[in-house]
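A.B. asks: just to be clear, the model below is a prediction. Sequence and coordinates:
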Amino acid sequence: MNILSNKEGTLDWLREKKLITLERSCPVCDDDMRLTETRDRYDGLKWTCKKRKGVDRHSKECSIRKDSWFENSNLSLPETVKFTYWWCMGISQKLIIQQLQLSDHTSVDWAMFCREVCLESLNNQQNQLGGPGKFVEIDECKIGKRKYNRGHIVEGQWVFGGIERDSRRSFLFAVEDRSEKTLLRLILQRIAPETTIISDCWKSYSNLSKHGYQHETVNHSVEFKNANGYHTNTIEGHWRHLKASLPQYSRKKEHYESYLAEFLYRYQHTDEEMFLSFIDDVAKMYNKTL
């Protein structure tokens with residue numbers, strides 16, 4: 001990454017991407033603060049404002065990281081960028097820890113920060129799937145069941161999902177149950193009227209046609225596709241990829257929402273494109289005017 005070849009180049013790139021503010025006002029006098037070099041800070045620069053005359057004389061300073069993605073990080077700016085880039089590229093946590101010589105705790109925290117960006121980005125994209133002439137497959141899946149009473153105990157979680165055919169548009173929700181009340185609310189929220197919805201024969205889907213949808217069902221106990229040629233292979237493939245993407249150990253139920261967000265974010269982006277999109281989403285999180 002050429003942007004990390006020297007400190008000046010790194011800072012210029014961070015400011016260009018709006019990951020670090022280009023200007024800051026003094027909290028005392030409201031004048032523009034100056035960016036000055038320093039040896040007493042990790043990054044070599046700090047914001048300062050010094051007034052030596054009059055009743056308003058003061059001396060204020062703050063980190064260039066203030067109110068940014070980096071504010072609470074103990075990593076250097078280049079280390080943080082490297083972690084983010086490698087995480088976006090799908091590099092394993094183990095390898096990132098080795099390369100940056102991080103503690104497990106630091107690595108876990110930063111992976112969680114990254115998933116939170118994915119979650120906020122997806123929450124800002126609440127567009128409906130489907131519409132007239134579109135096909136959306138839906139299904140529910142139990143994730144985290146321990147098979148045959150062996151292996152590491154992982155708390156199970158029901159997930160409800162939908163995927164629009166011939167696109168990379170989809171949704172996933174961690175749900176407490178598979179009742180019609182729970183699933184129908186999400187279907188009405190995320191799937192447009194007049195969509196053809198394809199599902200299995202789970203009873204919670206039995207009234208979809210009453211809510212403005214075309215509904216096709218596949219009875220998986222006797223067939224892989226119904227008499228009209230409809231199947232749910234796409235959403236079933238989605239489940240396989242989701243399960244493969246989840247951490248094998250130390251999964252916590254309260255983090256499933258962020259695991260699902262990471263999976264969907266990666267599904268929407270290629271590796272290289274994901275890093276640039278991710279950086280843009282980080283900037284938007286900390287600069288609401290973008």
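C.D. replies: That came through fine.
A.B. asks: number of residues surrounding residue 22?
C.D. replies: Residue 22: 8 surrounding residues under other CB atoms under 10 Å. Any C-beta I mention is one placed from the backbone N, CA and C, and that applies to glycine too.
A.B. asks: okay, and the residue nearest to it when sequence neighbours are not counted sits in which element?
C.D. replies: Ranked by CB to CB, 6 or more residues apart in numbering and with sequence neighbours excluded, the top spatial neighbour of residue 22 is residue 15, at 5.5 Å. If you go by DSSP states H and E, residue 15 is part of helix 7-16.
A.B. asks: what is that helix packed up against?
C.D. replies: helix 77-88 (3 or more CB pairs under 8 Å, 6 or more residues apart in numbering; DSSP states H and E).
A.B. asks: what are the contacting residues of the helix it packs on?
C.D. replies: If you take CB atoms under 8 Å, 6 or more residues apart in numbering as the criterion, helix 77-88 is touched by 1, 3-4, 10-11, 14, 43, 69-70, 73, 75, 95-96, 99-100, 102, 107, 110-111, 114, 271, 274-275, 278-279, 282.
A.B. asks: next SSE downstream of it?
C.D. replies: helix 93-100.
A.B. asks: and the helix or strand following that following helix, what does it pack onto?
C.D. replies: Per DSSP H and E, helix 93-100 leads on to helix 104-123 as the next helix or strand towards the C-terminus. Where contact means 3+ CB pairs under 8 Å, 6+ apart, helix 104-123 is packed against helix 77-88, helix 93-100, helix 256-268, helix 271-286.
A.B. asks: quick one: mean pLDDT for the longest one?
C.D. replies: Right, the one you point to is helix 271-286. Per-residue pLDDT over helix 271-286 has a mean of 88.
A.B. asks: do the third one as well
C.D. replies: Rounded to a whole number, the mean pLDDT of helix 256-268 is 93.
A.B. asks: residue contacts, the residue positioned nearest the centre of the chain?
C.D. replies: Centre of the chain computed as the mean C-alpha position; nearest residue by CA atoms, centre = their mean is residue 118, 1.5 Å away. For residue 118, the contact set (CB under 8 Å, 6+ apart) comprises 258, 261-262, 264-265, 278, 281.
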